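Q: Sequence and computational prediction follow.
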Amino acid sequence: MPPKPISARVFCIANQKGGVGKTTTAVNLAASLAIQRQKVLLIDLDPQGNATMGSGVDKRTVEHTVYEVLIGEQSILTAKVRAEAAGYDVLPANRELSGAEIDLVRMEERELRLKRAIEEVSDQYHFILIDCPPTLSLLTLNGLTAAHGVVIPMQCEYFALEGLSDLVNTIKRLYANINPDLRIIGLLRVMFDPRVTLQQQVSAQLEEHFGDKVFRTVIPRNVRLAEAPSHGVPGVLYDKSSRGAQAYLAFGKEMIKRVAKL
Ligand code: ATP
Ligand code: MG
């Protein structure tokens, strides 16, 4: 019997606040889903190229990048690389991508370029994850326009909710105008330290305000997750038994369940 046809579910990992754990979440969710036998493509949409490096792919030596895909010189098929150790495909990024903003402004359908490129490969993956930069730029808009949903990693800090309204308003605007599929899949509490009373309080507030939109899984602050990128493997593979790895493995399972209900 031929294998059942698949059609990728596309998710952005986004939060315009910097350093909140987007890339760590993107890389570890990709690896966790791959462990669950899902075919995964991770798209690095950040000129910093951290998701590329964290997947064990050297951003300085890749032949093609997401930049060339956005400006129409390559397809995802020709530009993707296999992150062998991590177990999934990566569409890499590096500094070249910082020029995309300027190039794209002059192009037709500038917000739709990534969506169009993804359509060509959506029958090859179960999940396509997009690691967004810490901005609400044209790059992030391309990610959000291409996605079925957004995963928002956040730290349980006093100002955590403040920046969220801009992202939520952008999501609402896109939903109303160009992407009726777009929804918030969930808020993911990351770098959580239960010994800090304030973090417990903010975490409880999040549950109160957002209910089911808050993932049950909580990602603890765990140094093994921070060490993993320098070894070129996702944390879930670097030290499987660490609390951080266990949490991201659980998150992968929660994600599969949540997405099945969409
Ligand atoms: P940027 O906005 O610059 O893209 P980001 O939102 O992608 O940042 P990360 O790069 O994932 O954030 O994380 C920021 C820093 O925090 C990194 O050094 C990362 O290793 C560390 N970090 C992320 N999650 C955890 C965690 N659960 N425990 C400990 N350290 C973490
Ligand atoms: Mg990042």
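A: Received the coordinates, thanks. All figures in this text were calculated on a predicted structure; none of them were measured in a lab. Numbers count the residues shown, from 1 in each chain. Ligands and ions are numbered 1, 2, ... in the order given.

Q: Could you list the residues of the chain in contact with ligand 2?
A: By the criterion of C-beta under 5 Å from the ion, the positions of the chain lying close to ligand 2 are Lys22, Thr23, Asn50. C-beta: built from backbone N, CA, C; applies to glycine.

Q: Please point out which parts of the top helix by length along the chain sit buried.
A: Counting residues, the longest helix in the chain under DSSP state H turns out to be helix 243-260. Buried positions in helix 243-260, judged by neighbour count with 16 or more other C-beta atoms under 10 Å: 244-252, 254-256, 258-259.

Q: so Thr140 is in which element?
A: Following DSSP states H and E, the helix or strand that holds Thr140 is helix 138-146.

Q: I meant Pro5, not that one.
A: Counting by DSSP H and E, no helix or strand carries Pro5.

Q: quick one, what contacts it?
A: Contact partners of Pro5, counting by C-beta atoms under 8 Å, 6 or more residues apart in numbering, are Asp123.

Q: before we move on, back to that, please pick the buried ones from the residues of the chain next to ligand 2.
A: Looks like the residues of the chain next to ligand 2 have Lys22, Thr23, Asn50 buried, using 16+ other C-beta under 10 Å.

Q: So Arg189 belongs to a strand, correct?
A: Yes: assessed by DSSP: H, G, I helix; E, B strand; the rest coil, Arg189 belongs to a strand.

Q: Tell me which residues touch it, please.
A: Met154, Gln155, Cys156, Ser203, Leu206, Val214, Phe215, Val218, Ile219.

Q: Next one: it relative to Gln36, how far apart?
A: According to C-beta to C-beta, to the nearest Å, Arg189 and Gln36 sit 21 Å apart.

Q: residues near the closest residue to Gly99 other than its chain neighbours, how many?
A: Leaving aside its chain neighbours, Gly99 sits nearest to Tyr67 (7.2 Å; criterion: C-beta to C-beta, 6 or more residues apart in numbering). Applying other C-beta atoms under 10 Å, we find 24 residues neighbouring Tyr67.

Q: Now stretch 209-221: buried residues?
A: Neighbour-count burial for stretch 209-221, counted by 16+ other C-beta under 10 Å, picks out Val214, Phe215, Thr217, Val218, Ile219, Pro220, Arg221.

Q: correct me, but the fifth one touches Val190?
A: Put plainly, it is Ile219. Yes: with contact defined as C-beta atoms under 8 Å, Ile219 counts as touching Val190 (4.3 Å).
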